[in-house]
Each structure stands twice: as C-alpha cells, then as structure tokens.
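*Asks:* Got a sequence here, can you model it:
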Amino acid sequence: MSVIIRKLREDETGLLKDFLYEAIFIPEGAEPPDRSIVDLPELALYYENFGDGPADNCLAAEAGGRVVGAVWSRIMEDYGHVDDQTPSLAISLCRECRGRGIGTEMMRRMLELLRDQGWKRASLAVQKANPAVRMYRAVGFRTAFENAEEYIMVREL
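*Replies:* Numbering: from 1, shown residues only. Coordinates of the predicted model:
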C-alpha cells in the first residue's frame, strides 16, 4: 500500500472528529464508548475551530485516495497540556493501517514541521496500556509527568 503524507486540506477538517474517535484507546475487553463522546467539551477542543490557532497543524496519511490517518497539533487545555507555548499532539490511524510505520512517519514529519515553525517542544497524553507508547518513545518523547492511568510526554524540538 502506497501512502502519501500531506497537509490536511481545509475541506477535510471534519475528518478530525472521526479520527479523534479512532484515537480513543479501548483496553482489551472494554466496550467502546458511543461516538457522541467526541462532542464532550474536553474532547471537542481537539477539533472545534481547527485552523484558527497559531499551532494548528494537521498532516494526513492518504492511501488509495482516502485519508487513513492524521496527526494534528494545537495549543489547548487538553490532557497533554504542559504550557501555552507547547503544542499538544493527537494522532490517529485506521486500524488496518497500524503497525506499518505510517504513524511513526506522520509523527516525525509533524515534529519537523513544528520545529521549522519555531516551536521548542511538543506534548501529548497517552494511556499507559496503549501500545503507541513505544512509538512515542522511539521518536523521542519522554515522560514528563504521570498519573495512575496515563503518561504526559514531552519531546524537545
């Protein structure tokens, strides 16, 4: 499968809501939440008015003419927020595309983009049981804080 990583077009920002839902980590044996969960204020901030903020960036992975993944950044009071000078990241990849290095490449490109824009670091939050923790560490994220369920990770740029 040939994959192109490109900037998400303005007419595609509605996909962020779908990718946010796909990004929700569901532990083995747990029941997935209803799709309306992404309408909750603490999740809607990942996509509402996307493109208006100084750190609003999104890269899409496209395969076979369809967007199969996205990584996006913005300054927001989300779970991974460390300060107002550090963009938080979210990444999502359709299930059938996971484990092929696509997410790693999307993340590397996003980190380069943020560095080129002058940002000094990026952050994210991840459930401790999420296998993506390995990928985040592989691209240079380190645990800055943790609680019982998740790591808050930071990557210097």
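
*Asks:* need the longest helix for this protein.
*Replies:* helix 102-116 (DSSP state H).

*Asks:* buried set for that helix?
*Replies:* 102-111, 113-114 (16 or more other Cβ atoms under 10 Å). C-beta: built from backbone N, CA, C; applies to glycine.

*Asks:* Pick out whichever of the residues you listed sits closest to residue 155.
*Replies:* Checking the buried residues of helix 102-116 against residue 155 with Cβ to Cβ, the nearest one is residue 111 at 6.3 Å.

*Asks:* those helices in this protein, which residues are they?
*Replies:* Counting by DSSP H, the helices of the chain are 15-23, 41-44, 102-116, 132-138.

*Asks:* Let's have the ones you listed in a markdown table, adding mean pLDDT.
*Replies:* As requested, these are exported to a markdown table (pLDDT from 0 to 100):
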| stretch | mean pLDDT |
| --- | --- |
| helix 15-23 | 95 |
| helix 41-44 | 94 |
| helix 102-116 | 97 |
| helix 132-138 | 96 |
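
*Asks:* what about the most centrally placed residue in the chain, distance to residue 2?
*Replies:* When Cα atoms, centre = their mean is applied to the chain, the residue found nearest the centroid is residue 90 (1.5 Å). Here the criterion is Cβ to Cβ, to the nearest Å. By it, residue 90 lies 25 Å from residue 2.

*Asks:* Now do the strands in this structure.
*Replies:* Per DSSP state E, the chain carries strands over the ranges 3-7, 57-63, 66-74, 88-93, 121-127, 142-146, 150-156.
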